[in-house]
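1. Let me see the structure of the following:
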Amino acid sequence: MASLQDQFLKAGLIDKNKAKLAHQDKTKQKKVERRTGTESVDESRLAALEVQRKNAERARELNAQRDAAASQKAVFAQIVQLVQKNRQSKGAGDIAYYYTHGTKIDKIYVSAEVQTHLIAGRLVIVCLEGKTELLPRIIADKIAERDASLVVRVKKTTTEIDADDPYAAFQIPDDFTW
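-> Next up, the predicted model:
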């Protein structure tokens, strides 16, 4: 491969005298550097190295973003697969079961058996892409590890009576529907 100087000569951009002078200046500069023990700073080389470093840093950032997006997509695919494989039937019921998802109160219609499973915590509600699915608690826990915002947790009601509760004497029946 010919040097850049040879390529310029062939293209007619410089003549032999200019090439010779450039070569002499370069050798003189190297000789002076050897005698004094100092190194000259090649500004164009430093600028090129800086640009190369910035490009490498930007490439690393873009790769990290791309990897994060790919891993997020893979996690979502795993969640969809878990939901499709393990969803349970809501039953052919007409009992409205109310739950809160974020700041929104929703309802689903379930059978009496499914309602008891939901209250006991054996079934959990998962909201995925606008659809509500019922899943066993074990599967819902696996989904919650990946994305907790999809899983609707039902708070278990305790039967313990608070000593300071003024309405402790007034019990609410279990079959009460709003």
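
2. Can you classify L21 by secondary structure?
-> Counting by DSSP: H, G, I helix; E, B strand; the rest coil, the backbone at L21 sits in helix.

3. Can you give me the separation between it and S111?
-> Look at L21 and S111: by CB to CB, to the nearest Å, they are 96 Å apart. Backbone N, C-alpha and C define where each C-beta goes, glycine included.

4. what's the answer for H117, then?
-> H117 sits 10 Å away from S111, going by CB to CB.

5. Neighbour count: those two, which is higher?
-> Neighbours were counted for H117 and for S111 using other CB atoms under 10 Å; H117 has more, 19 against 16.

6. Quickly list what L135 is bridged to.
-> V124 (DSSP bridges).

7. got a list of what it touches?
-> Residues near L135 by CB atoms under 8 Å, 6 or more residues apart in numbering: L82, V83, N86, R87, Q88, L123, V124, V126, I143.

8. Would you agree the first one falls within a helix?
-> If I follow you right, that is L82. Yes. The assignment for L82 by three-state DSSP puts it in a helix.

9. what about it, neighbour count?
-> Neighbour count of L82, defined by other CB under 10 Å: 18.

10. Could you confirm T132 falls within a strand?
-> Yes. Read with three-state DSSP, T132 is one of the residues of a strand.

11. Surely I14 forms part of a strand?
-> No. Looking at I14 with three-state DSSP, it is coil, so not inside a strand.

12. Phi and psi next, for it.
-> Dihedral pair for I14: phi -130, psi 160, per degrees, to the nearest 10.

13. Where does the closest residue to it other than its chain neighbours sit, in terms of helix or strand?
-> Nearest residue to I14 in three dimensions, chain neighbours excluded: F8, at 4.7 Å (CB to CB, 6 or more residues apart in numbering). According to DSSP states H and E, F8 maps onto helix 4-11.
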